[in-house]
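Asks: Just need the structure, nothing else, for what follows:
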Amino acid sequence: MGSFQWKRAPVSLKLVATIYLSTVSLAYVMGLINIYNTTGLTHTGIVAWYRGNEEAAISAMSFRELVQTTHVHMFGISLVLLTISL
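Replies: Numbers count the residues shown, from 1 in each chain. Prediction:
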């Protein structure tokens, strides 16, 4: 049994892989834009986003919100890593 080669793969598989990688790349870019918009990519901005800042009218995230956000991200990242490793 030979090793897998992309040049011999069906066009449909190449198309699905291209769309998948494009979508994941776009998701990461949108995530970076979101982080920039919410925190300004600064330490102070990150602390204000998660711990709150009364001057900027940002309320602190509750433990429940932190767990929910972490759960969603860990589930999504594990699926991405699984599909990339296949």
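
Asks: Could you export stretch 24-37 as PDB, CA atoms only?
Replies: Taking Å, rounded to 0.1, in the frame of the first residue of the first chain, the C-alpha atoms of stretch 24-37 are listed here in PDB:
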ATOM      1  CA  VAL A  24     -10.500  27.600   9.200                       C
ATOM      2  CA  SER A  25      -8.100  30.300   8.100                       C
ATOM      3  CA  LEU A  26     -10.900  32.900   7.900                       C
ATOM      4  CA  ALA A  27     -12.100  31.800  11.300                       C
ATOM      5  CA  TYR A  28      -8.700  32.500  12.800                       C
ATOM      6  CA  VAL A  29      -8.500  35.900  11.100                       C
ATOM      7  CA  MET A  30     -11.900  36.800  12.400                       C
ATOM      8  CA  GLY A  31     -10.900  35.700  15.900                       C
ATOM      9  CA  LEU A  32      -7.800  38.000  15.700                       C
ATOM     10  CA  ILE A  33     -10.000  40.900  14.600                       C
ATOM     11  CA  ASN A  34     -12.400  40.200  17.500                       C
ATOM     12  CA  ILE A  35      -9.500  40.100  20.000                       C
ATOM     13  CA  TYR A  36      -8.200  43.400  18.600                       C
ATOM     14  CA  ASN A  37     -11.600  45.000  18.800                       C
END
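
Asks: That one: how far from the chain's middle?
Replies: For stretch 24-37, the gap between its own C-alpha mean and the chain's C-alpha mean amounts to 7 Å (C-alpha atoms, centre = their mean, to the nearest Å).

Asks: For the helix or strand hosting residue 19, which helices and strands make contact with it?
Replies: Taking DSSP states H and E as the definition, residue 19 sits inside helix 11-39. Here helix 11-39 is seen to pack against helix 43-51 when contacts are counted using 3 or more C-beta pairs under 8 Å, 6 or more residues apart in numbering; DSSP states H and E. For glycine as for every other residue, the C-beta is placed from the backbone atoms N, C-alpha and C.

Asks: which residues of this structure score low on pLDDT?
Replies: 1 (pLDDT under 70).
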